[in-house]
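Student: I would like to see how this sequence folds:
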Amino acid sequence: MTEIQKLVQETLIGKPEDEQQIFEKCLRLVGSNRSPRDQALGFCLLSRMVIKCSPQTLRAVQTRLAHRFAQISDHFQMSGCLFVREVLVRNPQAGELHSPTVFRIILNIIDAAVQSQDPDHCGLAAELFGLRVSNQNLTMLLNTLEMLLTATGKIKNVSKDVLQLSTLGVTSHRQSLTNILFEILAVSLGYSTKPGLFVDRKEIIRIVEMGIRNPPTRSIAFSCLRSMCVNTKYSLIPMIGRIVSTLISELESPDVDLMKTLAFICRTYGPLTSTLHKHFYVIFTSLKKPIHELEYGSHVADLLSTIIESAGGVIKPEVLVAVQKAVCESAMMHPDSAHYIQMLAAFLALNNEFVPAPLHVARAISSRSRAKCEHSHRLRALCNVASRPRTTDLANVKTAKKTLVLTEENTIEAAMEEPKDVQDSEDVKEEEEPEEMEPEVVVVVEEEIPVAAPRKKKNSESIPAPKKKKKVAPPPQNVKTDLLEGEASVEDILDLFDMS
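Tutor: Numbers count the residues shown, from 1 in each chain. As a prediction, this is how the structure comes out:
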């Protein structure tokens with residue numbers, strides 16, 4: 001086993017007490033008298049040791065490690081840049097002490113990434129710039145982007161306010177350089193939480209808008225905008241309305257990046273905070289083809305479904321009904337499309353009393369569809385929940401049945417007792433009435449014996465009765481009786497038979 005192989009094995013399974021000796025061996029590999037291959041291997045082993053060593057060992061060798069920054073800044077080395085990254089992550093103070101040297105290393109790797117267009121080089125350049133981001137570096141980055149986006153010819157005069165890159169004045173590298181700088185800007189915003197770092201949101205949004213309007217940089221500018229939404233989060237809310245208005249103005253020529261960004265903003269900030277609910281019908285009518293035929297159909301379905309579910313109560317009912325009708329018609333023709341299934345599920349979950357739920361259409365689609373996506377399962381569940389009978393008593397079935405039987409028996413017994421009480425009360429009244437009428441009947445019989453004959457004849461009033469001498473009747477006896485309502489007194493009955 002050679003010496004280098006032993007050193008590689010020691011960096012993997014070496015003992016903690018031997019870490020400083022292993023560092024000494026790795027530093028000898030990166031000496032100026034070594035070949036480029038040995039130096040690259042030495043920087044890789046040093047990166048491994050920086051990651052796994054103890055804080056005490058790192059503190060003991062940090063000065064010797066930082067001296068290697070000058071060697072790396074002379075020319076680009078991928079392994080050397082990896083070593084710089086690990087040192088900056090474990091010991092950020094080394095970047096402050098050797099700031100000019102580290103910044104020169106970052107510029108070298110940016111130039112190398114532009115020339116090679118290697119994704120690994122681009123990612124490492126963006127991460128190194130983010131680790132060393134500052135107000136000055138961020139301002140220089142924005143100035144460089146503005147110069148690249150506004151320049152029409154070859155860039156000749158470069159001021160000190162921009163990044164001093166060797167590829168800046170090369171016209172053939174302008175497109176790749178712009179894309180890499182936008183990617184660096186997006187990653188750098190993730191490190192914008194450092195104390196004392198000030199981010200000018202208006203300036204960044206202005207540069208992003210310029211990139212969106214430039215077709216070659218449109219895709220990377222949208223990616224930068226999404227990264228900005230994730231990293232700045234709620235600090236971007238005061239300007240989210242302006243961003244959404246800018247994106248809506250681009251709906252004349254919609255594409256995947258635009259719809260993806262709109263859906264991302266809607267999920268991140270919500271349709272109300274992002275004011276996307278105001279543009280619901282505009283977004284729907286801007287579609288050139290049916291949703292299932294669009295390349296960005298999935299993003300459109302996500303965007304519209306999120307708006308329907310989260311902001312359906314503040315959208316005009318006639319707008320929702322019009323969109324719902326179009327979606328139902330398309331869904332009946334294409335029952336296996338996941339986009340229409342997702343939007344139907346959103347309409348079922350809509351909480352707006354002025355918009356009828358498309359339950360019958362949804363059940364028909366759910367039974368006909370052969371799609372096995374998550375939206376189809378959700379649609380089926382919503383249909384079952386919306387159409388199942390409602391149960392208000394969740395007690396035990398046996399207990400519930402006994403309670404119902406007892407309730408019915410009590411109701412029947414109460415109904416049977418009420419007629420008996422009424423009949424008893426009527427019988428009592430009938431028994432009381434004859435006792436009160438006995439004096440009246442006796443009086444009538446005694447006084448009306450001579451006059452009782454004419455009652456047997458019909459139409460007695462039309463036949464003239466023979467005249468008889470009037471007999472003087474004895475003075476009437478004052479009989480006081482308590483009359484019920486509707487009953488006639490004895491005097492009233494006698495007056496009926498008075499023939500005079």
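Student: I'd like the average pLDDT over the helix or strand harbouring residue 403.
Tutor: Assigned by DSSP states H and E, residue 403 falls within helix 397-447. Averaged across helix 397-447, pLDDT comes to 59.
Student: and the helix or strand where residue 232 lies, how far from the chain's centre?
Tutor: Counting by DSSP H and E, the element that carries residue 232 is helix 218-232. In terms of Cα atoms, centre = their mean, to the nearest Å, the centre of helix 218-232 is found 21 Å from the chain centre.
Student: likewise stretch 144-164?
Tutor: Centre-to-centre, stretch 144-164 and its host chain are 43 Å apart (Cα atoms, centre = their mean).
Student: stretch 84-91 now?
Tutor: Centre to centre, stretch against its chain (Cα atoms, centre = their mean), the figure for stretch 84-91 is 39 Å.
Student: please save the CA atoms from it in PDB.
Tutor: Provided in PDB are the C-alpha atoms of stretch 84-91 (Å, rounded to 0.1, in the frame of the first residue of the first chain):
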ATOM      1  CA  VAL A  84     -12.600  26.900   0.800                       C
ATOM      2  CA  ARG A  85     -16.300  26.100   1.200                       C
ATOM      3  CA  GLU A  86     -15.700  23.700   4.100                       C
ATOM      4  CA  VAL A  87     -13.400  26.100   5.900                       C
ATOM      5  CA  LEU A  88     -16.000  28.900   5.500                       C
ATOM      6  CA  VAL A  89     -18.800  26.700   6.800                       C
ATOM      7  CA  ARG A  90     -16.800  25.500   9.900                       C
ATOM      8  CA  ASN A  91     -15.000  28.800  10.500                       C
END
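Student: name the surrounding residues that touch that stretch.
Tutor: With contact meaning Cβ atoms under 8 Å, 6 or more residues apart in numbering, stretch 84-91 is reached by 47, 50-51, 58, 62, 65-66, 69, 72, 94-95, 102, 105, 124, 127-128, 131-132. In short, each C-beta sits where N, CA and C put it, glycine included.
Student: returning to what we had before: using CSV, write out every CA atom in the helix holding residue 232.
Tutor: Only the C-alpha atoms of helix 218-232 are listed here, as CSV (Å, rounded to 0.1, in the frame of the first residue of the first chain):
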residue,chain,number,x,y,z
ARG,A,218,-37.1,34.5,-18.7
SER,A,219,-36.9,31.1,-17.2
ILE,A,220,-34.0,31.8,-14.8
ALA,A,221,-35.7,35.1,-13.8
PHE,A,222,-38.8,33.2,-12.7
SER,A,223,-36.7,30.7,-10.8
CYS,A,224,-35.0,33.6,-9.0
LEU,A,225,-38.4,35.1,-8.2
ARG,A,226,-39.6,31.8,-6.7
SER,A,227,-36.5,31.6,-4.6
MET,A,228,-37.0,35.1,-3.5
CYS,A,229,-40.5,34.3,-2.3
VAL,A,230,-39.2,31.3,-0.3
ASN,A,231,-36.3,33.2,1.3
THR,A,232,-37.8,36.6,2.1
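Student: what comes into contact with that helix?
Tutor: 178-179, 182-183, 185-187, 189-190, 192, 199, 201, 204, 208, 210-212, 214, 236, 243, 255, 257-258, 260-261, 264-265, 268-269.
Student: in helices only, show me those.
Tutor: Residues of those located in helices (DSSP state H): 178-179, 182-183, 185-187, 201, 204, 208, 210-212, 243, 257-258, 260-261, 264-265, 268-269.
Student: please state the offset of stretch 217-237 from the chain centre?
Tutor: Relative to its parent chain, stretch 217-237 has a centroid offset of 20 Å by Cα atoms, centre = their mean.
Student: cool, and stretch 13-26?
Tutor: Mean-position distance between stretch 13-26 and its chain equals 53 Å (Cα atoms, centre = their mean).
Student: what does stretch 216-229 give?
Tutor: Its chain's average C-alpha position is 23 Å from that of stretch 216-229, according to Cα atoms, centre = their mean.
Student: next one: stretch 259-277
Tutor: That offset, for stretch 259-277, works out to 10 Å (Cα atoms, centre = their mean).
Student: what residues sit buried inside it?
Tutor: Using 16 or more other Cβ atoms under 10 Å as the test for burial, stretch 259-277 gives 259-266, 268-269, 271, 273-277.
Student: got the end-to-end distance for it?
Tutor: Distance across stretch 259-277, first residue to last, is 15 Å (Cα to Cα, to the nearest Å).
Student: what's the answer for stretch 126-144, then?
Tutor: For stretch 126-144, the first-to-last residue distance is 15 Å (Cα to Cα).
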